[in-house]
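> model this:
(2 chains)
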Amino acid sequence: MAFISSGYDPKEPMKNRITDIGPRNFAEFYPPVIAKNKGKWAYHQILEPGVLVHVAESGDKIYTVRAGGCRIMSVTHIREICDIADKYCDGYVRWTTRNNIEFMTDSLEKAEALKKDLAGRKFPGGSLKFPVGGTGAGISNIVHTQGWIHCHTPATDASGPVKACMDELFDYFKTMSLPAHVRVSMACCLNMCGAVHCSDIAFVGYHRKPPVIEHEYLDKMCEIPLAVAACPTAAIKPKKVEVNGTEVKSVEINNERCMYCGNCYTMCPALPLASGEGDGVVVMVGGKVSNRISPPMFSKVVVAFLPNNVPRWPELTDVIKRIVEVYAKDARKYERLGEWAERIGWEKFFEKCGLDFTHHLIDDFRDPAYYTWRQTSQFKFTNAIK
Amino acid sequence: MAKHKTPLLDQLESGPWPSFVSDLKQEAESRAKNEKKVEFQIPTDTVDDLLGVLELSFKDKETHWKHGGIVGVFGYGGGVIGRYCDQPEMFPGVAHFHTMRISQPSGHFYKSDYLRDLCNLWEFRGSGITNMHGSTGDVIFLGTTTPQLEEIFFELTHNLNQDLGGSGSNLRTPSDCVGEARCEFACYDTQSLCTALTNEYQDELHRPAFPYKFKFKFDGCPNCCVASIARADLSFIGTWRDDIRIDQAAVKGYVDNDPDFPPNGGAHSGRNWGKFDIQKEVIALCPTECMKFEGGKLTIDNSECNRCMHCINVMPRALKPGKEKGLSILAGAKAPILDGAQMGSLVAPFLPVVEPYDEIKEVIEAIWDWWMEEGKNRERLGELMKRQGFQKLLEATGIPAMPQHVIAPRTNPYIFWKEEEVPGGFSMDPVKYRERHKR
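Below you'll find the model as predicted:
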């Protein structure tokens, strides 16, 4: 493996240096029919799950075939996408905000041929490479984070549980039979890269043990005041500790105050908190970002903890599938999951979905908690009241 | 022949959804065979070892990536994230496995020749594994070694006319919805604005000068497909201020259940919901009750409309946003940690979107000035707004307070007045006071 230089000279790093040029201009990558009709689209229609047509005021049409994809992709896989784009779409392709791949063509015949082609492409292990769907009142791709494959703070994996969930939800990806679309998202820790805190259904990796304190290394690796300041609940304070007969500067953690958020670990690598026993996922539901009918809403916690039962997270997929099925049966047309839960009342939501309500689900975090307690005698009797 | 046994991961190869494990395996195999005789600049078995370390994580239920590490390209504080494996002996191919963020073209549109260029570069100088895309929107190159960073940057900028994105305490790579490129709902050109501001603020993107990260996201309409309202420090959401345009003939198409006019653009066709009923599905669901359908004619009291988009979404052929379009700016959204999740709060109800976007830049820069002055280390804009109050944000931007800024006025009368707002200021003369009141 000989080192090959591209022309960069470390002795003169500023020589011929090009910086701050930004991204490639989007306009270079517009298919011609889009360049021509941009801003002049009249309407769209979903012809079948995964196939859309957009009609311009000029009468021009563009057909889009939407295929689900893994967020993590190899160059071999991307090259295959390029080959497909070359064959049917003059080389143009785009990704959606939910990591689906969209192939766009100017004729229905090409879209049909493309769809057939995609259906036949499978990995040797048996899974589809490009399942078509993810439109309308169904479930589109799950947006997610890195998990165990690349991140240093996760409490769970990301690609793994997402694969397990999408296998279980696959029928809803392929059909449009729900009352409204259901956005499923996942984040592997509380940092929540992505908008999982406002998704119809979200699962979030969560630690349940306070950080390990590596007294021996802490002062060498960290600014103690930064670690102390990083704690949202003021659970950390400086403390001198004796290690092998020497007094070192370190910290003390009030375990009862710790919410295991990992903010201190971000500031101080000597406070790790990942634990195979302690870690798992929280399930949240009822969030949305759209302003349609009701304002955007935060997701609410409905299951406080599920274990990381690898490789397929059966408890998690079971809960998610159950919620989707009850919602599908019970909600009204156009009603988002959170709108449905608010209409019937959350006490009914727990009864209908067969979910246990525990003390962990009553908010006790600062001021916002108060606004979630019931301050009325209006409630519904459910099986929770014995 | 796979380098590591991966019995747990292998179980994720079955089932219909695309298997990332199968994809990783095909890349590992491609690198092992190396049919194109690529002179890989990082270990050939890097993807094998990535599978190996992931399998170990599945076994331990814990991550095996170390905390951070400062690496980057000369002159930039953002765009590269250091990453090292905590089992380098077992998995030498991923001992050093840094991430590079590549600033994506707005709207995530691509041409295959450009994508192939990226693939060739990343196969040669990196692991060949990417995220399409990261949560912020960039193309993510996952896994390379320190000596390759400058080389990749050189090739990106010299040969591909392409820059890195943002990471760290700086402006993160702005991202947008598909917008006017292919959506009839878009109220402004999200791609143009996103690209213009990305280019305008390259310095903020690459050289951390902020208290913490800062995100711009651009949604073309209140449907918010890019979720700006939930996850951008500044969300730019398209809207309009005049009347919804109505095509009565197309309304009739929907009311008559003409198959060319499926409600909601056909989004509900997977189930028999019965015949479309405009009264039940549109008029009754309007949150402001500002619509009527009488005598075969749809009327809207536009002064009462809050532009929620429901009627337009249901009847895209009959209804269109008005012609006087622009955007609303909302500030302070973020995910949890510290005080919990925050939604964006409306700060500028309506601004026109006209190049060179000076009115928009004025708001941005005023907010940055305030946040850089007052923000604590690692304090997001939304947290500063909570700490100092919404009024301070208005003061910083010069936007006058108006009822649109609140859902309801305050329920407590604990109002802080400025000294200059009270006649005679705050000081009272004790002698004069006692002249009126016996001690």
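
> Tell me the helix or strand right after the biggest helix by length in chain A.
Criterion DSSP state H: the longest helix present in chain A is helix A:314-330. The helix or strand immediately downstream of helix A:314-330 is helix A:337-344, counting by DSSP states H and E.

> Please, where are all the helices along chain A?
Using DSSP H, the helices of chain A run over A:32-37, A:75-89, A:108-119, A:159-168, A:170-174, A:215-221, A:224-230, A:263-267, A:314-330, A:337-344, A:346-353, A:366-370.

> Which neighbouring residues are in contact with residue 7, exactly?
Answering for chain A, as no chain was given. The contact partners of A:Gly7, by C-beta atoms under 8 Å, 6 or more residues apart in numbering or on different chains, come to A:16, B:154, B:158. C-beta: built from backbone N, CA, C; applies to glycine.

> wrong one, chain B
Listed by C-beta under 8 Å, 6+ apart, the contact set of B:Pro7 reads B:Glu55.

> what are the phi and psi values for the closest residue to A:Val182 other than its chain neighbours?
Computed as C-beta to C-beta, 6 or more residues apart in numbering or on different chains, the closest residue to A:Val182 that is not its neighbour in sequence is A:Asp200, at 4.5 Å. Main-chain dihedrals, A:Asp200, degrees, to the nearest 10: phi -60, psi -50.

> ok, residue 48 - how many residues close by?
Let's take chain A. 17 (other C-beta atoms under 10 Å in any protein chain shown).

> my bad, the chain I had in mind was chain B
Neighbours of B:Asp48 (other C-beta under 10 Å): 25.

> Surely it forms part of a strand?
No: using DSSP: H, G, I helix; E, B strand; the rest coil, the secondary structure at B:Asp48 is helix, not a strand.

> Identify the residue nearest it in space, chain neighbours excluded?
Among residues not flanking B:Asp48 along the chain, B:Lys3 sits closest, at 3.7 Å (C-beta to C-beta, 6+ apart).

> So which residue of chain B lies furthest out from the middle?
Here chain B reaches farthest from its C-alpha mean at B:Lys438, the gap being 64.3 Å by C-alpha atoms, centre = their mean.

> Contact partners for A:Glu102?
A:64-67, A:93-96.

> Next: B:Thr397.
B:347-348, B:363, B:366-367.

> Let me have the residues you listed in TSV, adding distance to B:Ile229 as columns.
Output for the contacts of B:Thr397, formatted as TSV (distance: C-beta to C-beta, whole Å):
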residue	distance to B:Ile229
B:Val347	12
B:Ala348	14
B:Val363	16
B:Ala366	21
B:Ile367	16
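
> Tell me which of those fall in helices.
B:363, B:366-367.

> Show the backbone phi and psi for the one residue in the stretch 151-300 of chain B that gets nearest to chain A.
Chain A sits closest to B:Ala267 of the stretch 151-300 of chain B, with a gap of 3.1 Å, by C-beta to the nearest C-beta. Dihedral pair for B:Ala267: phi -70, psi -20, per degrees, to the nearest 10.

> can you give me the helices for the stretch 1-150 of chain B?
B:7-10, B:20-33, B:46-60, B:112-125, B:146-159 (DSSP state H, counting those that start in this stretch).

> on that earlier part again, which two in the contacts of A:Glu102 are spaced the farthest apart?
A:Val65 and A:Trp95 (13.4 Å; C-beta to C-beta).

> was I right about B:Gly15 contacting A:Cys165?
No: assessed by C-beta atoms under 8 Å, B:Gly15 is found out of contact with A:Cys165, at 10.3 Å.

> Compare those two and say which one has the larger neighbour count.
Counted by other C-beta under 10 Å, B:Gly15 and A:Cys165 do not tie: A:Cys165 has more neighbours, with 24 against 19.

> For the more buried one, which residues are in contact?
Neighbour list for A:Cys165: A:142, A:184, A:186, A:203, A:313, A:316-317, A:320 [criterion: C-beta under 8 Å, 6+ apart].

> can we see that at 6 Å?
A:Cys165 makes contacts with A:317, A:320, as judged by C-beta atoms under 6 Å, 6 or more residues apart in numbering or on different chains.

> And for the one 10 residues further on?
Under the criterion of C-beta under 6 Å, 6+ apart, the contact list for A:Thr175 reads A:49, A:138, B:270.

> what does the model give it for pLDDT?
At A:Thr175, the model reports a pLDDT of 97.

> so how far is A:Thr135 from it?
Separation of A:Thr175 from A:Thr135 (C-beta to C-beta, to the nearest Å): 10 Å.

> Enumerate the positions of stretch B:207-217 that are buried.
B:207-208, B:210-217 (16 or more other C-beta atoms under 10 Å in any protein chain shown).

> can you tell me which residues contact A:Val51?
The neighbourhood of A:Val51, defined by C-beta under 6 Å, 6+ apart, consists of A:Val65.

> just the strands in the chain please.
All of this is about chain A. For chain A, the strands defined by DSSP state E cover A:41-48, A:51-56, A:61-67, A:72-74, A:92-95, A:101-105, A:184-187, A:201-206, A:236-243, A:246-253, A:280-285, A:300-307.

> actually chain B
Counting by DSSP E, the strands of chain B are B:80-81, B:99-102, B:109-111, B:129-131, B:139-142, B:175-176, B:216-219, B:234-240, B:245-246, B:291-294, B:297-300, B:319-320, B:325-331, B:345-351.
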